[in-house]
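[1] Predicted model and sequence below, questions to follow.
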Amino acid sequence: MNISKLMASSFAIAGIGVAGVTPIANAEDGGSATITNQTVSASVRLAGVDRYETSKAVSEATDLSSVLVSDKSPDGLIGSLQAANDDKSAVMSPDAPSLGGTNRYESAAKVALEGEADAPVVIANGNSEVDILAATSYAANLEANLLLAEPNQLGKYGSQAIAELNPQSITIIGGTAVVSEETKAQVEELTGKKVSRIAGDNRYTTALAAAQAIGSQNYLLVNGKNPVDALTLAPLAKKNNASVVLVQTSCAPQVVLEDLGGKHLTAIGGTSAIADNFAAKTCEQQAAETAAKAAAEKAAQEAAARAANPWGAGTAQGIAYDMLGQFGWGPDQMQPLFKLWARESGWRTNAGRPGGPYGIPQANPGRKMASAGADWATNPATQIRWGLSYIKGRYGSPAAAWANFCARGWY
């Protein structure tokens with residue numbers, strides 16, 4: 001087993017500052033950084049060479065005997081919570097026994113019915129795996145049963161299960177967009193009990209709200225975009241009164257960073273999942289920097305295009321200039337072409353009328369240009385392509401077409 005377990009100091013983020021904030025001195029547990037005037041430090045990373053080895057590292061950190069759970073979500077999450085409620089740890093395996101349901105909803109209901117009938121019940125959207133992840137760590141701390149809701153209703157299996165259970169309390173994890181108010185009302189009608197809701201604006205704030213509701217001082221940091229390492233965290237959460245909190249590989253949302261100060265942080269997975277310096281920037285800062293970089297690159301590309309095209313990249317004249325080579329002409333043909341169509345149409349796509357001379361090249365009638373494209377009435381590129389083809393076939397070059405125009409007043 002090649003496992004990197006309890007790696008003190010390897011996850012330190014010493015000397016990392018946020019704009020306008022001075023980094024504070026290193027902490028004894030491996031390092032710290034000031035984030036909105038709070039201290040963020042991380043002393044533990046549970047990781048292996050893959051998600052299975054990471055799962056083993058998580059299991060060993062509990063010092064509990066283990067059971068095998070599915071390596072697929074959400075069955076692995078459901079099985080992990082079942083293990084936690086049985087005071088066991090869980091290890092992911094492709095050979096894990098089935099939970100016995102025909103689908104995730106029935107599986108969750110079956111496991112719930114095997115638990116304590118009067119235990120609290122936690123409900124999450126069956127299609128929102130990150131909300132289920134947050135729900136399992138929340139449920140593990142309460143020794144609660146988990147049910148999965150179907151879109152806009154609890155569903156057959158969840159309804160049957162909750163009718164048989166006598167939960168002390170019922171909590172929905174997730175906002176109304178993932179577990180509807182109709183579902184909440186349905187559960188209240190089935191049980192005769194008030195249902196509470198823990199939710200944020202997104203997966204990150206929902207997980208954080210669940211952690212805050214538990215009052216955890218121990219956070220299990222999980223990659224919120226790809227939480228493949230996190231299926232078996234429920235037993236560790238229960239044993240350490242810990243909660244799953246979502247971050248990204250190289251950043252965390254501002255609201256999450258603001259809450260990390262003073263907490264004991266355990267990174268789940270290797271540095272490709274959560275970098276050592278994930279707290280260097282907020283995701284909002286990173287997104288703004290990425291957008292600014294993309295805008296700068298686009299501006300540079302546009303400037304380069306303008307420099308390469310003296311007639312203005314994207315303008316009608318610029319489009320014509322770029323097409324000259326397709327017809328075997330050099331840049332010298334642009335000047336006579338410019339004069340020709342300046343006289344004919346002023347380079348306007350809507351010059352004239354479609355039934356007569358029309359468009360930049362003044363095709364007569366305008367519908368002739370349909371041979372170059374269905375958008376001939378409005379697209380300058382289509383009109384120009386047709387016009388250059390016409391000039392090539394009738395005169396050989398824009399210079400010759402311009403000479404004919406000068407001599408006869410038409411081309």
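    On my side now, so go ahead.

[2] Next up, the contacts around the closest residue to Gln186 other than its chain neighbours.
    Using C-beta to C-beta, 6 or more residues apart in numbering and skipping the chain neighbours, the partner closest in space to Gln186 is Leu154 (5.4 Å). For glycine as for every other residue, the C-beta is placed from the backbone atoms N, C-alpha and C. Neighbouring residues of Leu154 by C-beta atoms under 8 Å, 6 or more residues apart in numbering: 123, 147, 162, 183, 186-187, 190.

[3] And Leu142, how far from Thr249?
    Leu142 sits 30 Å away from Thr249, going by C-beta to C-beta, to the nearest Å.

[4] the strands in the protein, which residues?
    With DSSP state E, the ranges of strands along the chain come out as 3-4, 33-35, 38-40, 42-48, 66-70, 89-93, 121-125, 145-149, 170-173, 195-198, 218-223, 242-247, 264-268.

[5] Let me see the mean pLDDT of the third one.
    Over the span of strand 38-40, the pLDDT mean works out to 45.

[6] Next up, the contacts around the residue nearest to Ala242 when sequence neighbours are not counted.
    In space, and not counting its chain neighbours, Ala242 is closest to Asn218: 3.8 Å by C-beta to C-beta, 6+ apart. Shown in contact with Asn218 (C-beta under 8 Å, 6+ apart): 240-243, 263-264, 266.

[7] I'd like to know which of the contacts of Leu154 is nearest to Ala363.
    Ala363 lies nearest to Thr183 out of these, by C-beta to C-beta, at 61.7 Å.

[8] I'd say the closest one and Ser159 touch.
    No: with contact defined as C-beta atoms under 8 Å, Thr183 does not count as touching Ser159 (10.1 Å).

[9] Make a markdown table out of the strands of the chain and add distance to Thr382.
    Listed next are these as a markdown table, based on distance: least, C-beta to C-beta, whole Å:
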| stretch | distance to Thr382 |
| --- | --- |
| strand 3-4 | 60 |
| strand 33-35 | 55 |
| strand 38-40 | 57 |
| strand 42-48 | 57 |
| strand 66-70 | 56 |
| strand 89-93 | 57 |
| strand 121-125 | 48 |
| strand 145-149 | 52 |
| strand 170-173 | 54 |
| strand 195-198 | 55 |
| strand 218-223 | 48 |
| strand 242-247 | 49 |
| strand 264-268 | 55 |
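
[10] re the thing from before, and the residue nearest to Ala242, bridged to which residues?
    For Asn218, the beta-bridge partners are Ala242, His264 (DSSP bridges).

[11] do the one 4 residues further on as well
    Here Val222 sits in beta bridges with Leu246, as judged by DSSP bridges.

[12] now it: how far from Val67?
    According to C-beta to C-beta, Val222 and Val67 sit 21 Å apart.
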